[in-house]
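Engineer: Return atomic coordinates for the entry below.
(chains A and B)
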Amino acid sequence: MDAEARYDEVLTEALERRYIAERAVTRPQLLTSIEDVSNVVKNATLISSLTYSLSHWRLPSSVYWARMVDAQRCRIEDMQAWEDEGERQLYLREHVSRLIEWEHAYEQSHGPKQPPTQLYFSRLKGVVEHYAADQVVVVQGGTRVRSLQGELIKANQCLPMPLEDDNQAWFGRGGPTLTVADAIGLNLPHALEAQCGTWRDWILGMTVVLADGTIAKSGSRAVKNVAGFDAHKLFVGARSTLGIIVQVTLKTFPLASLPMHEGVSVLPIPMKFKDRSMRRKCLWIQRTRRSDFSAALVAARSALLESDVASSTLWAEIPKDKELPRFAGDHVIRSGCGEMNLQITDPTLARLMQRAKAIFDPTNKLNPGELGVV
Amino acid sequence: MVEELGKLLSPERVLSGEAVARAYDCDAYTVDRSKPTCVVLPLDTAEVAAVVRWCVAHSVPFTPRGAGTGLSGGAMPALGGVVISTKKLNKVLQIDIENRMLKAQAGIANKRISDAVAEFGLHFAPDPSSQTVSTLGGNIAENSGGPHTLKYGVTTQHILSVTMVDPLGEVLEIGSLVPGAPGYDLLGLIVGGEGTLGVVTEAWVKLTPVPAAVRTALASFRTIRDATECVAAIIASGVIPAALEMMDKGVLRAVTAAFKLDYPAEADALLLIEVDAKPVSERNAAIPRPPDTDSDPNAVSPKRPTPNETVEKELSHVIAICNAHHAISIDMAQNEAERQKLWVARKKAIGAMGRLAPSIVTHDGVIPRSRLPEMLDFVYAVAEKHKIGVANIFHAGDGNLHPCFYFDDRDPKQVEAVIEAGEEIIKRCISLGGSVSGEHGIGVEKSDLLTLMFTPDDLRMQAMCKQIFNDGMLCNPCKVLPNQKGCVEHKKRWRGVGW
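Structural biologist: Numbering: from 1, shown residues only, chains lettered A, B, ... in the order given. Got it, this is the predicted structure:
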């Protein structure tokens, strides 16, 4: 181990000790049923429900970061979740000191925080039913996307996302720990989107726990359905700010018909994410109009990681204080850039989102601040 | 009211009187009726907003209406008031071929959108059977499907953004020209909102390349069970046809008589199969080669099948499945004229069914596709039990049934039997994991049936969705959600008028 790495490790351990000493422990809620989730949500005043492994995608807004520190705390304690000690060290180095810093900043401006309730879905997972002949699967929200894909592939089906590399977070998979509920909540672009759609298109039905603990469902198992308002669409990309996704009915895709990815890969895939240093850098996902895409690719040249022509999407790696050129009507999602991760700039959308949040979560208990407008 | 609205628009674009009220008291769902006080014909979004604001200021209900082809009463002015017709909002506003999108007013007929961009090899993919008359706004309201939904999806997958007037009269732009923007998917609520969340006046739609190769086949089967089992097998095999449409002997009888078509005498079911393939991507010309790669610039990419090779392969796969399910004949179109001929039975069937009886009620239920054989058995058994005629024409690939009951609406007993049979079928759809509606919408027709499918908590969540846009009772009242305050008494009255 070189001196720099050793220094990092010592620093990390020191930060961890300090954190454990200063903070009361909030154990994660181990949830085994939808009713469990309902009871916990009903009685909690503050809920964190996106898993901690996604913290690099989230916004350090107000209450959110105060609560996230506890979420991280649970993560640190749950050593079984870490399959690799090196992974844990890397994680600590990246997050702990920054989180403590943010938490102190928050308390200075807002006063002592309330302890949040971290929903822990590790026991609310698995395929409930796979109707292979109908190409429909019902899964628990805590099911890992990778596990689900594995199950589906056994029946020559899949969710139509790129399959070639588990670690391509920028394709919406978020690494091996990403759960179905988290993936839907984030709704990150992926490279087969133009040909096969997104989570929005694959979801046939959904069961959610609303902020008051109500268990409500939407949709059905049929591939086509116009029975009432498409309530489940509202939860796609909502980052669990309107309700907790606990079960989903998904349309699956025949494996044999999965189209080829038509993008450009700059780096050989095995290098991505195996090089841990890349995790420290910030990911820039940009989608433009078709007419601007060539210019966007040229602008991103040296930083380009991946591109998908069909959906005019590029994935690039840039320092967090930099931006790539923007184009009319485009949108950008970033990771590791704090408040810059996601910006809602359309005032009409922001106003209607605030209204939706006030209706669905009147006490602002579900991932407050997560979308930057409420 | 007529005078004041005339000042806002112009007097000739405010229609009133008994004939107008009669013409606009229902859509294509004629069982329930309710007369409007007047009908306005705005020319643009600003005029729609002005009308809505006037209605809000005077507590007058208003109901948007496209071509009136809806099959669930969505455009019926349930509590009277003003019908806002999009008849004159019928222009293409902007075409952006490079970005494959088009902006049009809401009253434009669906097919006119495709016609406008046909020369560029593009089209608007949603193709409801009513596409020559049904409007873009109506398709958005009902989230319309069509025969090619199986491969291309329903309307919601093809709408980028809408301009709408909200229930208070404010003009909103919802959605983005680049799909997948962060934030709540409010556009997903508007599309399929049945006109209860506001009045859509304009929309940007996605344009899809016209397939580069298409093959169409019409397979006939001796029994409906053979045909439905064939559909389930095709779906299970992993092939995704562009269309998979089925007609039973009731439909065959009608179209044979109407159009002198010739099908095998022993056929009890026809299955129309279409497979297609998109054009070869032009992507390589658009992308600069990325820098600093180790890739070999002379490397030969793996050969991709041509569109023709793709469709031939898929068609032969499907034909093999048909043969395995005892198809008695399979006709394959060799050119576009023959293709259109094979589609005749499907496209003209509903009209031809007018020969079967004075009245037809077309139901709309949807089930998981593997349950088609048992569901069709059930439909026939129900029709027999109630002693009414039934013909089935449906989007088999989606599991979307359209049992058409034909009867004489002058006989109250037959009407009652049709209603009861319809409810039995819908209940069965739900028990099989399906839905009360696959594409016709809820409107007033099925709002009470939603309680069969959803709990009060489920429906409360839907009401919360509506509340984001519409917290009142003026914008298209009494639609979709059951038990809305102020609607119960009116519902009784509608039924009385219809019968």
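Engineer: which stretches of chain B have low pLDDT?
Structural biologist: Within chain B, the segments meeting pLDDT under 70 span B:280-303, B:485-486, B:488-499.
Engineer: which SS class is B:L43?
Structural biologist: Taking DSSP: H, G, I helix; E, B strand; the rest coil as the rule, one finds B:L43 in the coil state.
Engineer: Stretch B:47-63 vs chain A: in contact?
Structural biologist: No: Stretch B:47-63 stays out of contact with chain A when judged by C-beta under 8 Å from any C-beta of the partner chain, the minimum separation being 14.4 Å. Any C-beta I mention is one placed from the backbone N, CA and C, and that applies to glycine too.
Engineer: That should have said stretch B:438-450, apologies.
Structural biologist: Yes: residues of stretch B:438-450 contacting chain A under C-beta under 8 Å from any C-beta: B:438-442, B:446, B:450.
Engineer: which of these lies closest to B:T149?
Structural biologist: B:E439 (7.7 Å; C-beta to C-beta).
Engineer: Backbone dihedrals for the nearest residue in space to that closest one that is not next to it in sequence, both of them.
Structural biologist: Excluding its sequence neighbours, the residue lying closest to B:E439 (C-beta to C-beta, 6 or more residues apart in numbering or on different chains) is B:G145, at 4.0 Å. When read as degrees, to the nearest 10, the backbone of B:G145 gives phi -110, psi -130.
Engineer: A:S291 too?
Structural biologist: Per degrees, to the nearest 10, the backbone of A:S291 is at phi -70, psi -20.
Engineer: can you give me the strands for the stretch 101-250 of chain B?
Structural biologist: B:101-105, B:122-123, B:159-165, B:171-175, B:199-206, B:208-209, B:213-221, B:243-248 (DSSP state E, counting those that start in this stretch).
Engineer: So for chain A, which of these sits nearest?
Structural biologist: Among the strands of the stretch 101-250 of chain B, the nearest to chain A by C-beta to the nearest C-beta is strand B:171-175 (5.5 Å).
Engineer: any idea how far B:M332 is from chain A?
Structural biologist: 22 Å (C-beta to the nearest C-beta, to the nearest Å).
Engineer: Which residues are in contact with the closest residue in space to that residue that isn't next to it in sequence?
Structural biologist: Spatial nearest neighbour of B:M332, chain neighbours left out: B:A217 (4.7 Å); criterion: C-beta to C-beta, 6+ apart. By C-beta atoms under 8 Å, 6 or more residues apart in numbering or on different chains, B:A217 lies in contact with B:272-274, B:315, B:318-319, B:322, B:330-333, B:342.
Engineer: Kindly state the beta-bridge partners for B:A217.
Structural biologist: Beta-bridge partners of B:A217, counted by DSSP bridges, are B:I273, B:M332.
Engineer: circling back: go ahead and build a PyMOL selection from the buried members of the contacts of B:A217.
Structural biologist: PyMOL command restricting the contacts of B:A217 to the buried ones, with burial defined by 16 or more other C-beta atoms under 10 Å in any protein chain shown:
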select buried, chain B and resi 272+273+274+315+318+319+322+330+331+333+342
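Engineer: Which residue is the nearest non-sequential neighbour of residue 330?
Structural biologist: In the absence of a named chain, chain A is used. A:T288 (4.3 Å).
Engineer: let's do chain B instead
Structural biologist: B:A219 (4.7 Å).
Engineer: my guess is the one you found meets B:D226, correct?
Structural biologist: No: no contact is recorded between B:A219 and B:D226 when judged using C-beta atoms under 8 Å, the distance being 9.7 Å.
Engineer: Those two: which has the busier surroundings?
Structural biologist: Higher neighbour count among B:A219 and B:D226: B:A219, with 26 against 21, using other C-beta atoms under 10 Å in any protein chain shown.
Engineer: Check the spacing between that one and B:I430 real quick.
Structural biologist: 30 Å (C-beta to C-beta, to the nearest Å).
Engineer: Same question for B:V214.
Structural biologist: In terms of C-beta to C-beta, B:V214 sits 36 Å off from B:I430.
Engineer: and if you look at B:K347?
Structural biologist: 30 Å.
Engineer: And for A:T32?
Structural biologist: Distance from A:T32 to B:I430, by C-beta to C-beta: 29 Å.
Engineer: The two: which is more packed in?
Structural biologist: B:I430 (21 against 12).
Engineer: Run through who's touching the helix or strand encompassing that one.
Structural biologist: Per DSSP states H and E: B:I430 is located in helix B:412-431. Here helix B:412-431 makes contact (C-beta under 8 Å, 6+ apart) with A:220, B:361, B:363, B:365-367, B:375, B:378-379, B:382-383, B:385-388, B:390, B:401, B:403, B:405, B:407-409, B:435-436, B:446, B:449, B:452-453, B:499.
Engineer: Only the buried subset of the residues you listed, as a ChimeraX command please.
Structural biologist: Selecting only the buried entries of the contacts of helix B:412-431 in ChimeraX, with 16+ other C-beta under 10 Å as the criterion:
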select /A:220 /B:361,363,365,366,367,375,378,379,382,383,386,388,390,401,403,405,407,409,435,436,446,449,453
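Engineer: Which of the contacts of helix B:412-431 fall within helices?
Structural biologist: B:375, B:378-379, B:382-383, B:385-386, B:452-453 (DSSP state H).
Engineer: and A:N225, what does it touch?
Structural biologist: Residues in contact with A:N225 (C-beta under 8 Å, 6+ apart) are A:204, A:219, B:366, B:434-435, B:437-438.
Engineer: whoops, A:I344 was the one
Structural biologist: A:350, A:353, A:371-373, B:182-183.
Engineer: Can you report how many residues neighbour residue 140?
Structural biologist: This is for chain A. Neighbours around A:Q140, by other C-beta under 10 Å: 24.
Engineer: that's the wrong chain, I meant chain B
Structural biologist: 28.
Engineer: which residues touch it?
Structural biologist: With C-beta under 8 Å, 6+ apart, B:I140 has these contacts: B:106, B:155, B:159, B:162, B:190-191, B:200, B:203.
Engineer: try it again with 6 Å
Structural biologist: The contact partners of B:I140, by C-beta atoms under 6 Å, 6 or more residues apart in numbering or on different chains, come to B:191, B:200.
Engineer: Any stretches of the stretch 201-350 of chain A with poor pLDDT?
Structural biologist: For the stretch 201-350 of chain A, the ranges with pLDDT under 70 are A:261-281.
Engineer: The stretch 1-150 of chain A now?
Structural biologist: A:1-30, A:50-55, A:60-118, A:120, A:122.
Engineer: Would you mind splitting the chain into its domains for me?
Structural biologist: Looking at chain A here, since you left the chain open. For chain A, automatic domain parsing gives the domain ranges A:3-30+A:52-120, A:127-257+A:348-360, A:264-341.
Engineer: Wait, chain B was what I had in mind.
Structural biologist: If you go by automatic domain parsing, chain B breaks into B:92-209, B:212-278+B:305-352, B:357-441.
Engineer: Could you tell me the end-to-end distance of the first one?
Structural biologist: Going back to what we said before, that points to domain B:92-209. The straight-line separation of the ends of domain B:92-209 (C-alpha to C-alpha, to the nearest Å) is 19 Å.
Engineer: residues of the helix or strand harbouring A:T207 that come out buried?
Structural biologist: Secondary structure from DSSP H and E places A:T207 in strand A:203-209. Residues of strand A:203-209 classed as buried: A:203-209 (neighbour count, 16+ other C-beta under 10 Å).
Engineer: Need the max-distance pair from those residues.
Structural biologist: A:L204 and A:V209 (19.0 Å).
Engineer: My guess is B:C404 contacts B:T362. True?
Structural biologist: Yes: counting by C-beta atoms under 6 Å, B:T362 is a contact partner of B:C404 at 5.0 Å.
Engineer: Looking at those two, which one has more neighbours?
Structural biologist: Using other C-beta under 10 Å as the criterion, B:C404 and B:T362 rank with B:C404 on top: 23 against 18.
Engineer: and A:R351, how far is that from chain B?
Structural biologist: Distance from A:R351 to chain B, by C-beta to the nearest C-beta: 9 Å.
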